[in-house]
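Q: have a look; sequence and predicted model below, questions after that.
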Amino acid sequence: MDINENSLFMQKHHNLVEQWQQVLQQIEQTRQQTGATQPVQLIAVSKTFPASDIATLYHAGQRDFGENYIQEFSDKTNQLSELSVIWHMIGHIQSNKSRIVAERAHWVHTIDREKIARRLHEQRPAHLPPLNVCIEINIAAEDNKHGIAADTDTMLDLAMTISQLTRLRLRGLMCVAKANSSVAELKEQFRHMQSLLQQLNKAGFSADVLSMGMSSDMDTAIACGATHVRIGSAIFGHRSYHENQQM
């Protein structure tokens with residue numbers, strides 16, 4: 001690497017850390033401005049970005065990283081095996097690719113089928129702690145999105161199944177808000193999520209997680225009770241997707 005290349009490399013990593021710090025500041029400012037009392041965990045969504053970017057933020061202090069694509073998740077966990085990264089699977093899981101998630105993830109935010117819950121339970125190594133999981137809610141009932149229907153009975157049925165799987169630990173709910181929603185529409189979706197979490201706990205579950213909010217709607221999500229926000233582009237920048245990327 002020549003001097004110019006090294007300078008560009010260092011500048012990129014400086015910018016990455018600066019953008020990450022700005023997101024942390026925004027989270028805290030939003031909490032203060034909205035009166036939100038819940039702690040908010042930042043999940044840095046690193047899909048499509050290199051393992052070196054994760055390592056940069058890890059050494060700056062970030063621990064929680066989210067991945068959508070299982071092959072990419074597998075590659076990165078291999079490359080970064082010496083770091084104590086907390087890995088969050090936030091993409092849809094196909095049943096024939098669940099083992100790598102069960103063996104290496106700390107969190108799964110996208111449980112929407114009994115079959116996947118059971119496979120993760122069966123494939124979770126006995127020496128590891130239970131896998132933290134969230135039920136994914138299709139909060140806007142969109143045909144092109146995964147998740148269960150946003151009604152109490154459907155949620156409780158899946159929650160009951162998960163509660164019987166000892167190698168899983170039900171932590172709460174997750175959603176992706178409808179794209180291009182107005183602030184009023186976002187509030188309606190996120191408050192519905194908050195209500196569902198309350199219903200979950202009224203039914204006897206000890207759930208403490210609302211995983212909702214991304215770069216474009218983080219502030220509204222926090223105001224409506226988000227405990228985990230999944231932030232990608234505000235930290236890493238614009239993504240370039242490849243046709244051969246698989247979930």
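A: It's in. Predicted model, so just to flag it, every value in this text is computed and none were measured.
Q: in stretch 204-214, what's buried?
A: 205, 207, 209-214 (16 or more other C-beta atoms under 10 Å). Quick note: C-beta positions are derived from backbone N, CA and C, even for glycine.
Q: now swap in stretch 113-121 and tell me
A: 113, 116-121.
Q: turn those into CSV, columns for distance to Met193 and pLDDT.
A: Putting the buried residues of stretch 113-121 into CSV (distance: C-beta to C-beta, whole Å; pLDDT from 0 to 100) gives the following:
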residue, distance to Met193, pLDDT
Arg113, 19, 96
Ile116, 20, 98
Ala117, 20, 98
Arg118, 25, 98
Arg119, 26, 98
Leu120, 22, 98
His121, 25, 98
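Q: can you tell me which of these is closest to Ser98?
A: Nearest to Ser98, judged by C-beta to C-beta, of these is Arg119 at 4.5 Å.
Q: which SS class is the closest one?
A: What DSSP: H, G, I helix; E, B strand; the rest coil gives for Arg119 is helix.
Q: next, count neighbours for the closest residue to it other than its chain neighbours.
A: Nearest residue to Arg119, sequence neighbours excluded (C-beta to C-beta, 6 or more residues apart in numbering): Ser98, at 4.5 Å. Ser98 has 23 neighbours, counted by other C-beta atoms under 10 Å.
Q: widest-spaced pair of the buried residues of stretch 204-214?
A: Maximum distance among these (C-beta to C-beta): 25.4 Å, for Phe205 and Met214.
Q: among the buried residues of stretch 204-214, which are located in helices?
A: Judged by DSSP state H, the subset of those located in helices is empty.
Q: distance check, Ile162 against Glu114.
A: 8 Å (C-beta to C-beta, to the nearest Å).
Q: also Glu28?
A: 38 Å.
Q: what residue ranges in the chain score low on pLDDT?
A: 1-10, 240-247 (pLDDT under 70).
Q: where do the strands sit along it?
A: 41-45, 64-67, 86-89, 107-111, 131-137, 168-175, 209-211, 228-231 (DSSP state E).
Q: list the helices and strands the second one packs on?
A: Secondary structure elements in contact with strand 64-67, counted by 3 or more C-beta pairs under 8 Å, 6 or more residues apart in numbering; DSSP states H and E, are strand 41-45, strand 86-89.
Q: so what touches the longest one?
A: When you say that, I think you mean strand 41-45. Contacts to strand 41-45, defined as C-beta atoms under 8 Å, 6 or more residues apart in numbering, come from residues 20, 23-24, 27, 54, 57, 62, 64-68, 88, 90, 211, 214, 227-232, 235-236.
Q: what sits against the residue nearest to Arg119?
A: Counting by C-beta under 8 Å, 6+ apart, Ser98 has contacts 116, 119-120, 123.
Q: distance of it from Lys178?
A: With C-beta to C-beta as the criterion, Ser98 and Lys178 are 27 Å apart.
Q: one step back: return a ChimeraX selection command for the buried portion of the contacts of strand 41-45.
A: Buried members of the contacts of strand 41-45, defined by 16+ other C-beta under 10 Å, are picked up in ChimeraX with:
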select :20,23,27,54,57,62,64,65,66,67,68,88,90,211,214,227,228,229,230,231,232,235,236
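Q: what angle sits between the longest helix along the chain and strand 41-45?
A: In terms of residue count, the longest helix belonging to the chain (DSSP H) is helix 3-34. Put simply, helix 3-34 runs at 140 degrees to strand 41-45, going by axes from the mean of the first three to the mean of the last three C-alpha atoms, to 10 degrees.
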